[in-house]
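Asker: Model the following, please.
(4 chains)
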Protein chains: 2
Amino acid sequence: MQERISDAELAIMEILWEQAPLTATDVASRVLDDRDWSLATVKTLLSRLLAKAAVEHRTEGRRFLYSPLVDREDYVAGESKRLVDRLFGGKFMPLVAHLAEQEKLSDADIAEIEKLLREMKS
Amino acid sequence: MQERISDAELAIMEILWEQAPLTATDVASRVLDDRDWSLATVKTLLSRLLAKAAVEHRTEGRRFLYSPLVDREDYVAGESKRLVDRLFGGKFMPLVAHLAEQEKLSDADIAEIEKLLREMKS
DNA sequence: TCGCTTCGATTACGTATGTAGTCGGAGATT
DNA sequence: AATCTCCGACTACATACGTAATCGAAGCGA
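Answerer: Down below sits the predicted model:
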């Protein structure tokens, strides 16, 4: 079963979802825009993602080119479901209600959601 | 800053949010409906929650009565925000759209959400 | 061919987490 | 008072995670 991707690993995945394949060094240089990690750290995270089968690599010369194996959509879906299951008894409605209460939704936001819902109903 | 509550700890919090104060033994007996934990495990989790200031205890005779310190609403809000920040760039709408796509919402669900939105708009 | 550079692999290490056992003290029992 | 029992505190230990250093092989420049 799909092992979970940690917070730090997610930063790596985001890079690869944006562009792939990339070498470890490429990933590191991009990730450095956000996080202050050493190259070694990035490599460790890539290895762990490999072990979790969240990314794959192809040999290019003497280095590796990494690509995501897990789809971002799938990951997002899984994590969203996890939250809904953990905190809202698996029900979608309470989450919407909760978020709606928390957030100050603009009328435009609401209109957009309504449109979405109308489309779903058809 | 509020330390994070782990999955296992959350199970304990849920018990205490439902009813409090409770002794460790009470919590354990209730949690056993869901999880197959030993009393020792429950006590450890309670200690850790105490250390995280997520619960408090009051001495009653020679035992403790535990009560939640963190409000469920706050916790849920925090975790929801965390997910939205991590995966949806902090935007609420994409999450709703995503969930709406994933879930098979019944017409009744949709109607309910629409009602909620109408109320908010006013 | 001999270092130097560059990779991936291995090892490291502190904290968090899941899960639980043990110990010492305070009450209860006899 | 001697013992039994129950409780919280402390200890244990494997795995995950964040963060990184080091090591050995392979290629490259001189």
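Asker: contacts, neighbours, all on C-alpha from now
Answerer: OK.
Asker: tell me the contacts of residue A:3?
Answerer: Residues in contact with residue A:3, defined by Cα atoms under 8 Å, 6 or more residues apart in numbering or on different chains, are residue A:52.
Asker: same thing but 10 Å
Answerer: Listed by Cα atoms under 10 Å, 6 or more residues apart in numbering or on different chains, the contact set of residue A:3 reads A:49, A:51-54.
Asker: from the residues you listed, which would you call buried?
Answerer: By neighbour count, with 16 or more other Cα atoms under 10 Å in any protein chain shown, these hold A:49, A:52, A:54 as buried.
Asker: Go through those and flag which are in helices.
Answerer: Assigned to helices by DSSP state H, the following of those qualify: residue A:49.
Asker: re earlier: tell me which two in the contacts of residue A:3 are the farthest apart.
Answerer: In the contacts of residue A:3, the most distant members under the criterion Cα to Cα are A:51 and A:54, with 7.7 Å between them.
Asker: How about residue A:30: what's its closest non-neighbour residue?
Answerer: The spatial neighbour of residue A:30 that comes closest, neighbours along the chain excluded (Cα to Cα, 6 or more residues apart in numbering or on different chains), is residue A:15 at 7.2 Å.
Asker: Give me the neighbour count for that neighbour.
Answerer: Counted by other Cα atoms under 10 Å in any protein chain shown, the residues lying close to residue A:15 total 18.
Asker: phi, psi of it?
Answerer: When quoted as degrees, to the nearest 10, the phi and psi of residue A:15 stand at phi -60, psi -50.
Asker: So it versus residue A:35, what's the distance?
Answerer: Going from residue A:15 to residue A:35 by Cα to Cα, to the nearest Å gives 12 Å.
Asker: shared neighbours of the two, anything?
Answerer: Residues touching both residue A:15 and residue A:35 (Cα under 10 Å, 6+ apart): residue A:28.
Asker: Assumed residue A:56 was part of a strand.
Answerer: Yes. Using DSSP: H, G, I helix; E, B strand; the rest coil, the assignment for residue A:56 is a strand.
Asker: Pull the number of nearby residues for it.
Answerer: Neighbour count for residue A:56, taken as other Cα under 10 Å: 19.
Asker: any weak-confidence spans in chain A?
Answerer: In the predicted model of chain A, residues A:1, A:103-106, A:121-122 satisfy pLDDT under 70.
Asker: Put the alpha carbons of the helix of greatest length in it into CSV.
Answerer: When chain A is parsed with DSSP H, its longest helix is helix A:72-88. Extracted C-alpha coordinates of helix A:72-88, given in CSV (Å, rounded to 0.1, in the frame of the first residue of the first chain):
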residue,chain,number,x,y,z
ARG,A,72,-0.3,14.7,-7.7
GLU,A,73,-4.0,14.3,-8.1
ASP,A,74,-3.9,10.9,-6.4
TYR,A,75,-1.8,12.2,-3.6
VAL,A,76,-4.0,15.2,-3.0
ALA,A,77,-7.1,13.0,-3.1
GLY,A,78,-5.6,10.6,-0.6
GLU,A,79,-4.6,13.3,1.8
SER,A,80,-7.9,15.1,1.5
LYS,A,81,-9.8,11.9,2.2
ARG,A,82,-7.5,11.2,5.2
LEU,A,83,-8.4,14.5,6.7
VAL,A,84,-12.1,14.1,6.0
ASP,A,85,-12.0,10.6,7.6
ARG,A,86,-10.0,11.6,10.6
LEU,A,87,-11.9,14.8,11.5
PHE,A,88,-15.2,14.8,9.8
